[in-house]
Structures are given as C-alpha cells and as structure tokens.
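S.K.: Can you look at this prediction? I've put the sequence above it.
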Amino acid sequence: MSSSEIAEVVFQINKYTGLPGILFFLGFLRTKKSNTRIVFYVLLASFLGDVAADLYIKYIFQNSHLVGQIWVITNYLLLSWLFLNLLPDRRKTIIVLLLFFTIGTVVTSIFFYSFFESNTFLVTYPSVAFTYLSIVTFIEILKEEPTKKLVEYPLFWIVTAIFLFNSVTLLKNLFMNYLIFDLQVSQDQYLYVWLFGVSFNMLKNLMFFYAFILVKKGNPDYIYEPKNVAL
Amino acid sequence: MMESVVTFVVAGSSIMTLLSVAFLIRFYYSYQQKNK
C-alpha cells in the first residue's frame, strides 16, 4: 500500500468517526442544554469540514488549506462560545484571545500567507489558546466540589478531547507550512506528521460521542449550576 | 535537513502526547484524592 492509499483510507475513516456522535445527538438527545448543543455544532463543523476538504481536493484544487482555514475559524468561534459558557469568570481572557485571533488572522492573511497554503498563525494560535483554556477548565473542575465519578462526567471527556487534540497538534501546526511549502517534503515523509493530527481528530470525535451518551444518561454537562452560567 | 525536521516534529508530538496523558493522569489522581 502506498502512502497516498494509506492516507486516503485513514482520511475516510477519520471523516466518518464524526457521524456516530452527530446521529446520536439528532436521534436521541436534541437537548436544549447549551453546552452539549455547542459540542454538537463543533462535531458537525468537523464532519462537514472533512467532507468539504475531501470534495475540494477531488474536484477543485490540489490542496485543502482553504477549507482547513474556514474550519479553523468556525471551530475557534464555536469553542470560544463553549468556553465562555464553561468559564464565566474568564470572559475577559477569552474575549481578548478572540480579539488577538481576529487581528492576527486578518493581518497574516493579508500580508504573509495566501489562502492556498497553511497559515501558521491561524492554525497554531487556536492550539495554544485551547490548550490553555482546557487546563484552566480542568483546574475549575477540580476546585468545584466533586459529586460524581470523573469518568461519568461528560465535561471531562469533552475537555479532554479538546485538550489532547490541541496540545498534540501544536507542533504539527507550527511546522506544517515550513515542511510542505519550504522544505517540500515528500508525501511519504509527511504522512507520519499528518497521522498525528488525524488520529487525535478521530479520538476527539469519538470522545464527543461518548460524552453525548453520558449526557443521555442524565449526567450534567456544566461545571457550575446553570443559574450561574451565562447561556 | 528534511528528514531531521520531520523526525523533530514527530518526536516532539510524541513527547507532547506523553506529557498530555501524564497531565490527565495527574488530574485524575487529584480528583480522586479530593473525592475520597
């Protein structure tokens, strides 16, 4: 099997790992609970992004960085919304991070990178921001009086998925442009780097799915009582 | 050059994976201690 065939198979598997969570939410959950609903939107954006990237490469252009950039921006906005709900005390920090992200994206898109290559700022900044915000959320969870087993707590799985995906793909995102466009590494060599991102994306999708199952069982998807949460 | 950068990124990502998992285990342990 050549590296492009392996990449194609893994990419297709990766794409469909989003489906169980989406179908479970639509079929059994449809909760009005805000946090779960936002996670559903994140999952949907991930799935649609993968489907769009697949079609884009097949029919429109040789690489899918444009689709990737649109997904990163959508994902950033949705996750900011989620963290605004989870961490009402950190509202200012999240808004400042969002402001930097907006300014940085506009500046780097105009002056440094085209839409058809990997924008290093655009892909690396969310990794740093969400790794930080996930760690803050873990600390907040720890501060609250624990009432349930951690593994039965949907938010633990949701934040773990976000934390793992963003922390592990940080280096990959930082070097992606350099590797592909400056060094022009071969597909065989880049496959190892690419696999990191895809495997943790699959893990993230499946962890969201598991979190949905836990919400269905009646476990809470918030840190503080809803009356304190700015929904 | 090419190969060394790829190796650096793959090794770095592996280390990040280990560190992240170690952090999660530490968090789990702290939570369990508090929950006792």
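M.R.: Received, thanks.

S.K.: Check which helices and strands the helix or strand hosting residue A:193 sits against.
M.R.: Using DSSP states H and E, residue A:193 sits in helix A:187-216. In terms of contacts (3 or more CB pairs under 8 Å, 6 or more residues apart in numbering or on different chains; DSSP states H and E), helix A:187-216 is packed against helix A:3-16, helix A:18-24, helix A:34-59, helix A:154-177, helix B:2-35. (C-beta placed from N, C-alpha, C; glycine too.)

S.K.: what's the closest of these to residue A:97?
M.R.: helix A:154-177 (12.9 Å; CB to CB).

S.K.: Tell me the residues on chain A that lie near chain B, please.
M.R.: Residues of chain A that fall close to chain B, judged by CB under 8 Å from any CB of the partner chain: A:135, A:138, A:141-142, A:146, A:149-150, A:160, A:163-164, A:167-172, A:175, A:178-179, A:183, A:185, A:189-190, A:192-193, A:196.

S.K.: Narrow those to just the buried residues.
M.R.: Neighbour-count burial (16 or more other CB atoms under 10 Å in any protein chain shown) applied to these gives A:138, A:141, A:150, A:160, A:163-164, A:167-172, A:175, A:179, A:183, A:185, A:189-190, A:193, A:196.

S.K.: before we move on, the earlier item: ok, and which of the helices and strands packed on helix A:187-216 has the densest surroundings?
M.R.: Among these, ranked by average contacts under mean count of other CB atoms under 10 Å in any protein chain shown, first place goes to helix A:154-177 (a mean of 24).

S.K.: which residues of chain A score low on pLDDT?
M.R.: A:33, A:145-147, A:225-231 (pLDDT under 70).

S.K.: Apart from its chain neighbours, what residue comes closest to the residue of it positioned farthest from its centre?
M.R.: Within chain A, the residue lying farthest from the chain centre (CA atoms, centre = their mean) is residue A:1, at 29.6 Å. Distances taken as CB to CB, 6 or more residues apart in numbering or on different chains put residue A:9 closest to residue A:1, at 7.9 Å, once the chain neighbours are dropped.

S.K.: and the gap between the one you found and residue A:209?
M.R.: For residue A:9, the distance to residue A:209 equals 21 Å [CB to CB, to the nearest Å].

S.K.: Residue A:188 now?
M.R.: Distance from residue A:188 to residue A:209, by CB to CB: 32 Å.

S.K.: same check, this time on residue A:107
M.R.: Per CB to CB, residue A:107 is found 37 Å from residue A:209.

S.K.: quick one, which of those two is more surrounded?
M.R.: It is residue A:209, of residue A:107 and residue A:209, that has more neighbours when counted by other CB atoms under 10 Å in any protein chain shown, with 21 against 11.

S.K.: So the nearest residue to that one once chain neighbours are set aside versus residue A:91, what's the distance?
M.R.: Once flanking residues are discounted, residue A:209 sits nearest to residue A:21: 3.6 Å by CB to CB, 6+ apart. Distance, residue A:21 to residue A:91, by CB to CB: 28 Å.
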